[in-house]
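1. this one's structure only:
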């Protein structure tokens, strides 16, 4: 649904501030609608039916939010029910709460011709039509994933059902229209992507002709990825947008039926009321698995670094640099982040910043760790603000400020390592109260529980260099496992001011040129580090023993001198079974494995 406030349009001659021009080409089935107010261009492409991939297969997807509408009343923890006249598109309806209700396991948005007393822009008046609108604004928003809605649409002249999405930032554009239909054309569905900056709005969309969408239920879905939008109707791919304007910020969902307006036209003598927009369910999915990372890091040694505060040449198995320099490059593009591990279960992070970290008690760097199934796809639902360390992990301030961080698709944080100028904490993340796993004071001989499992140290001669050591078990994993990492810096855990310096992200973001501060930040696809921890040579299954089970793996990997393993993924073979590190698994490696077998 094109979201326009006509009061923003400057007068252009006659009172018609928005003008629609329709042009048809007979050479190619293209319909272009140019909506002009300032400079708005909407291109709608008529598409023939596309090949379906069959019924939606949710393998590879995880449903993260849904409403099946099986109750007796609207779930107001998920939806906001509109009670207003919205000044847009010259529509006629007042959105009345009593036109939104549940019936027989469905959400009903009813449209009626009736007299209804409501508030207009400047005064109270009678409206001739009412209808229903619900939205997830303030309750649920999403960056990337699949939004799927099963619905039976209303049809009659002057009716305009829509499923669409707007950014939580309250800006326009962008806008994502999952489905729009004009009531007098019940077999045609429109899908549109709007982007740009007002008044220079750009739009790209399609018109899909199918069955009568008012005669039965149909599924309308949008799959949203960084750099790509795919629209499906009954799981047939009907349109794809790969424009430069693909959004990368949180959006919320809107379901409504408009009455009248510049596109469908107003009701006339043929219009039939009441009309019912019947919605069976709304489901939101995210991809399972984070896909290929920005950086793949593997530890092929068996010993770990020593967390004494000084990073020596060759001490760490692998390292990378950060991105941007919004806080004078503490973890940015000229700063080094090093990672190491050991076969006895240690993991080490080393930081060699271009500049020293701030000494403020509210400052913190957070390393989010995705080490097992489940986890949080953003910090939006992390509400633990109990102390500065918990606020840093949650991206929250002391007075309601938020710096919501939306991770790359497939990345789901289970743990957070919070590093301030003087303290380190490891938390298992939770919506309301993070679980403290362990921690240490900078330079202390023992961790906060009196043991020696966590160490936090700074170089005595170089305050820009510091090291952290913990156990893999603190992150619910063991030697040989792979974990995903993303680092971020908050200048202030009291005000939730986030900088644009990240570990594991690359450039090409809206926030590259300025610190996001206390606002939402979206991490694009693939922006994270994958670290494969050290694995004992000969120990293929990571149980810290070399047994006959490992010999079975070795035989699968065995190929011969000078020939890499023939398996599709040879790296695990080489990490565990290439005893002499010569790039193959042969009889020499077999002899060495059997020699250490228990």
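-> Yes, it's here. Quantities reported herein were computed from a predicted structural model and do not represent experimental measurements. Residues are numbered from 1 along each chain as shown.

2. how about the helices in the stretch 301-450 of the chain?
-> For the stretch 301-450 of the chain, the helices defined by DSSP state H, counting those that start in this stretch cover 388-394.

3. Does residue 553 fall in a helix, a strand, or a coil region?
-> Following DSSP: H, G, I helix; E, B strand; the rest coil, residue 553 is assigned to helix.

4. Was I right to think it contacts residue 576?
-> Yes - in this structure, residue 553 sits in contact with residue 576. The criterion is C-beta atoms under 8 Å, and the distance is 7.0 Å. (Glycine included, C-beta is placed from N, CA and C.)

5. Identify each buried residue in stretch 431-442, please.
-> Within stretch 431-442, the residues that qualify as buried by neighbour count (16 or more other C-beta atoms under 10 Å) are 434, 437-440, 442.

6. If the nearest residue to residue 146 once chain neighbours are set aside is in a bridge, with which residues?
-> If you skip the residues right next to it in sequence, residue 146 has residue 285 as its closest partner in space, 4.2 Å away by C-beta to C-beta, 6 or more residues apart in numbering. As for beta bridges, residue 285 partners with residue 63, residue 146 under DSSP bridges.

7. that older thread, common neighbours of residue 553 and residue 576, please.
-> In terms of C-beta atoms under 8 Å, 6 or more residues apart in numbering, residue 553 and residue 576 are both contacted by the residues residue 540.

8. Compare neighbour counts for those two and give me the winner.
-> For the pair residue 553 and residue 576, the greater number of neighbours falls to residue 576 (25 against 19), based on other C-beta atoms under 10 Å.

9. out of the buried residues of stretch 431-442, which are inside strands?
-> Using DSSP state E, the members of the buried residues of stretch 431-442 that fall in strands are 437-440.

10. Need the residues you listed in JSON lines (columns: distance to residue 99 and pLDDT).
-> Converted to JSON lines, these look like this (distance: C-beta to C-beta, whole Å; pLDDT from 0 to 100):
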{"residue": "437", "distance to residue 99": "50", "pLDDT": "98"}
{"residue": "438", "distance to residue 99": "55", "pLDDT": "98"}
{"residue": "439", "distance to residue 99": "54", "pLDDT": "98"}
{"residue": "440", "distance to residue 99": "59", "pLDDT": "98"}
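
11. Make CSV from these and add distance to residue 265 to it.
-> Formatted as CSV, the entries for those read as follows, by distance: C-beta to C-beta, whole Å:
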residue, distance to residue 265
437, 62
438, 66
439, 65
440, 69
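
12. just curious, which of those is nearest to residue 69?
-> Of all these, residue 69 sits closest to residue 437, with 39.8 Å by C-beta to C-beta.

13. Tell me how far the spatially most central residue of the chain lies from residue 382.
-> Within the chain, the residue whose C-alpha comes closest to the C-alpha centroid is residue 143; the distance, by C-alpha atoms, centre = their mean, is 4.1 Å. As defined by C-beta to C-beta, to the nearest Å, residue 143 lies at a distance of 16 Å from residue 382.

14. Quick check, pLDDT for residue 332.
-> With respect to pLDDT, residue 332 scores 96.

15. All further residue positions should be reported with the first residue as 686.
-> New numbering, starting at 686: the last item is residue 1017.
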